[in-house]
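Peer 1: dropping a prediction and its sequence here:
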Amino acid sequence: MSEQNQQIKLAKRPEGTPTKEHFDIVDIPINDPNDGEVLIKTVYLSVDPYMRGRMSAGKSYVKPFEVDKPINGTIVGEVVTSKSDSFSKGDFVRGMFPWQRYNVVSASHVEKIDPSIAPLTAYLSVLGMTGLTAYFGLLDIGQPKEGETVVVSAAAGAVGSAVGQIAKIKGAKVVGIAGTDEKIDYLESQLGFDKAVNYKAANFKQQLKEACPNGVDVYFDNVGGTVTDNVLSLLNDFARVPLCGAISTYNLKPGEDHGPSILPKILKTRTTIKGFIVSDYQEQFPEAIKDLANWIAEDKLQYEVTTIDGFENTPTAFLNLFEGKNKGKQLVKVSEASS
Ligand SMILES: NC(=O)c1ccc[n+]([C@@H]2O[C@H](COP(=O)([O-])OP(=O)(O)OC[C@H]3O[C@@H](n4cnc5c(N)ncnc54)[C@H](OP(=O)(O)O)[C@@H]3O)[C@@H](O)[C@H]2O)c1
């Protein structure tokens, strides 16, 4: 094969905000698959905020990346050579693989996907980890009821945009929080949010209060920090808070995270706050994917992807998540699919 393989490794662990210096791109060979293995060409690669946690050494729900070893993430690719009865050349597949242009992996770690059902990008967004996160966090923990007020932060991102639309499907009043006026307009005029508020506005707190005249029944938290403190101050009795992510804290140095400052409010409102990891719901994924696919087909659930072209731009795509440069799911387009 004449094409060159490349791999992205963790060069060193960041303290604070990572930069391109924390990644190394190296040339490596393209190996031939052995029996039971497939050679996969990466078409799209997913960059996700949780990967920031894996760049640090601390203990978490998933093992840290190792320095000088490849970073792993979810990839959609095309089978180039198959030494497995389960896959043929030209099949589209998904899996957690090293950030490489080509990977040789055991067929048992590969899931076939069907591009005639949905575009390849959907399998890394609304029909993938982020759509499932929105679905289970909101429906299992948030449990929105008709007429209740649901607030979601990072609302124009991959998880948040799905949360708001699913809450609308369930008859809730939905308020989104995002970081640019263009995103505010997108949420209100395209995704049908009842109201959206820019957390960078000087009068954010006042705007949020006005957007939630009946208080907040469900807060789907993607960001933590002061945005969350402001939402928590509006909670109603027996509110539910699915704790999904805390991106505003991911680049803090040790000792800089002071946690939520209004715990007494949680006590007084008897609010339930519950952290969750989407993989907790693995056994229920097939049912959820049916619902998500039906809502897409019925035009009730839209999804957007922001793509950066070029494998070498993967670190930039990842770093952009922390600057809010993405709308919907941030992906990297690594190659053209050949079939
Ligand atoms: N629990 C789970 O199983 C699970 C699974 C997937 C994702 N998550 C979490 O869910 C959250 C959203 O993930 P995603 O993949 O959908 O990413 P995303 O929302 O598509 O992208 C991240 C967004 O976060 C916002 N942001 C960045 N820095 C911020 C800050 N300092 N303060 C407030 N907002 C900030 C940016 O939008 P703005 O322009 O609005 O700032 C950015 O676009 C993340 O916290 C992630 O870790 C959890």
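Peer 2: Done, it's in. Residues are numbered from 1 along each chain as shown.
Peer 1: measure Ala155 to Leu191 for me?
Peer 2: Distance of Ala155 to Leu191, computed by C-beta to C-beta, to the nearest Å: 9 Å. Bear in mind the C-beta positions are built from the backbone N, C-alpha and C, glycine included.
Peer 1: overlap in contacts, those two.
Peer 2: Both Ala155 and Leu191 are contacted by Ser161, Gly164, Gly176, under the criterion C-beta atoms under 8 Å, 6 or more residues apart in numbering.
Peer 1: show me what contacts the first one?
Peer 2: Residues counted as contacts of Ser161 (C-beta under 8 Å, 6+ apart) are Ala155, Leu187, Leu191, Gln302, Tyr303, Glu304, Gly328.
Peer 1: got these as TSV, with pLDDT, distance to Asn5 and neighbour count columns?
Peer 2: Written out in TSV, the entries for those read as follows (pLDDT from 0 to 100; distance: C-beta to C-beta, whole Å; neighbours: other C-beta atoms under 10 Å):
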residue	pLDDT	distance to Asn5	neighbour count
Ala155	98	38	29
Leu187	98	40	28
Leu191	98	39	23
Gln302	97	36	15
Tyr303	97	31	22
Glu304	97	31	18
Gly328	98	29	23
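Peer 1: check contacts around whatever residue of the stretch 201-339 of the chain ends up closest to the ligand.
Peer 2: Of the residues in the stretch 201-339 of the chain, the one nearest the ligand is Gly245, at a distance of 1.9 Å by C-beta to the nearest ligand atom. Gly245 makes contact with Pro49, Tyr50, Ala154, Val159, Asp221, Asn222, Val223, Gly224, according to C-beta under 8 Å, 6+ apart.
Peer 1: and those, which of them are in helices?
Peer 2: Within these, residues falling in helices by DSSP state H are Tyr50, Val159.
Peer 1: show me where the stretch 151-300 of the chain has strands.
Peer 2: Taking DSSP state E, counting those that start in this stretch as the criterion, the stretch 151-300 of the chain carries its strands at 173-178, 195-198, 216-220, 235-243, 272-275.
Peer 1: quick check, the first one touching the ligand?
Peer 2: In this case it means strand 173-178. Yes - Strand 173-178 lies within reach of the ligand by C-beta under 6 Å from any ligand atom, at Ala178.
Peer 1: contacts for that strand?
Peer 2: 147-157, 160, 164, 167-168, 184, 187, 191-199, 208, 211-212, 214, 216, 223, 227, 231, 324.
Peer 1: what about Ala239, how many residues nearby?
Peer 2: Taking other C-beta atoms under 10 Å as the criterion, the count of residues near Ala239 is 25.
Peer 1: can you lay out the strands of the stretch 151-300 of the chain as TSV showing distance to Ser338 and mean pLDDT?
Peer 2: Shown next, in TSV, are the strands of the stretch 151-300 of the chain (distance: least, C-beta to C-beta, whole Å; pLDDT from 0 to 100):
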stretch	distance to Ser338	mean pLDDT
strand 173-178	37	98
strand 195-198	40	98
strand 216-220	39	98
strand 235-243	41	98
strand 272-275	42	97
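Peer 1: could those strands go into a markdown table alongside distance to Asp291?
Peer 2: Conversion of the strands of the stretch 151-300 of the chain to a markdown table gives the following (distance: least, C-beta to C-beta, whole Å):
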| stretch | distance to Asp291 |
| --- | --- |
| strand 173-178 | 18 |
| strand 195-198 | 24 |
| strand 216-220 | 17 |
| strand 235-243 | 17 |
| strand 272-275 | 21 |
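Peer 1: quick one, which of these is nearest to Pro33?
Peer 2: Comparing the strands of the stretch 151-300 of the chain by their distance to Pro33 (C-beta to C-beta), the top pick is strand 272-275, with 39.4 Å.
Peer 1: mind checking how far that closest one is from the chain centre?
Peer 2: In terms of C-alpha atoms, centre = their mean, to the nearest Å, the centre of strand 272-275 is found 19 Å from the chain centre.
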